[in-house]
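Undergrad: Provided below are the primary sequence and the corresponding predicted coordinates.
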Amino acid sequence: MQPKSRIGFGGIGLVAAMLALCGCSGGSDRTDARDTAAPPPPPPPRTVVGHRVGPARVEPGGQLPPASPCYRFGRNGTTAVHLFSDAPHCTRVAPGERLLFVNDTGIGPQHSGATTVRVRVGDYGLRIRPGGSGLIPAPVETYLGRGSHLVRTAGARGATILLLPRVCAIRPPVAPGEELCFR
């Protein structure tokens with residue numbers, strides 16, 4: 001019996017040595033983690049900076065309140081305006097803040113079908129790649145007057161910017177010549 005067990009252990013040792021030499025994994029269907037790792041995602045698009053289109057001017061605001069509720073996405077003096085493929089929305093901003101336009105076009109979490117968006121607001125213009133953003137570095141009151149403003153876009157649904165001081169509240173319906181807010 002002892003000779004059989006020696007041959008059995010020797011055979012196992014020989015098979016293990018052959019597998020080590022050829023780099024085989026011993027019959028396992030598993031693959032090395034380096035072979036299955038997904039490639040790293042591409043870096044996010046850079047934030048572009050808006051530029052003036054024509055001479056400096058302040059676009060007067062409208063006195064009609066927007067049809068949809070206005071949301072605030074402000075943080076550290078910058079308010080984000082999200083641009084979607086399917087629906088426009090309203091963003092409220094206060095004097096002294098800057099506008100950051102975010103290209104959220106496309107469908108689903110991967111934004112498939114996203115497009116480049118051209119934005120024109122006041123006397124500033126931007127071209128924002130899919131998934132990217134564009135910042136207008138000037139304070140909003142230097143190019144937009146108090147009230148509501150339509151953001152002109154190509155490649156996405158436009159948005160509405162509502163520029164009001166923080167102490168104002170909307171009071172619809174607004175009669176002609178009446179202020180848009182009160183203290």
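TA: That came in fine, so what should we check first? Predicted model, so just to flag it, every value in this text is computed and none were measured.
Undergrad: Quick check: which element contains the closest residue to Arg127 other than its chain neighbours?
TA: In this structure, Arg127 finds its nearest non-sequential neighbour in Arg118, 5.3 Å apart by CB to CB, 6 or more residues apart in numbering. For every residue, glycine as well, the C-beta is placed using N, CA and C. If you go by DSSP states H and E, Arg118 is part of strand 117-121.
Undergrad: Determine the set of other helices and strands touching that strand.
TA: Here strand 117-121 touches strand 98-104, strand 124-128, strand 152-154, going by 3 or more CB pairs under 8 Å, 6 or more residues apart in numbering; DSSP states H and E.
Undergrad: how far away is Glu59 from Thr105?
TA: 25 Å (CB to CB, to the nearest Å).
Undergrad: who has more neighbours, those two?
TA: Comparing Glu59 with Thr105 by other CB atoms under 10 Å, the one with more neighbours is Thr105, at 23 against 17.
Undergrad: Show the model's pLDDT score for the more buried one.
TA: We have a pLDDT of 86 for Thr105.
Undergrad: Which secondary structure state is assigned to Thr79?
TA: strand (DSSP: H, G, I helix; E, B strand; the rest coil).
Undergrad: picking up where we left off before, enumerate the positions of the strand holding Arg118 that are buried.
TA: Val117, Val119, Arg120, Val121 (16 or more other CB atoms under 10 Å).
Undergrad: The first one pairs with what?
TA: Yep, that's Val117 we're talking about. Here Val117 sits in beta bridges with Ile128, going by DSSP bridges.
Undergrad: I'd say it and Ala154 touch.
TA: Yes: at 7.0 Å, Val117 and Ala154 qualify as touching, with contact defined as CB atoms under 8 Å.
Undergrad: who's in contact with Arg146?
TA: Gly61, Leu163, Leu164, Pro165, Leu180 (CB atoms under 8 Å, 6 or more residues apart in numbering).
Undergrad: cool, and Glu141?
TA: Contacts for Glu141 (CB under 8 Å, 6+ apart) come out as Val58, Pro95, Gly96, Leu163.
Undergrad: Write down the beta-bridge partners of the last one, one by one.
TA: Beta-bridge pairing of Leu163 under DSSP bridges involves Val93, Gly147.
Undergrad: Okay, buried residues for stretch 128-142 please.
TA: 128-136, 138-141.
Undergrad: Give me the lowest-pLDDT entry from the residues you listed.
TA: Gly131 (85).
Undergrad: quick check, that one in a strand?
TA: No: counting by three-state DSSP, Gly131 is not part of a strand but coil.
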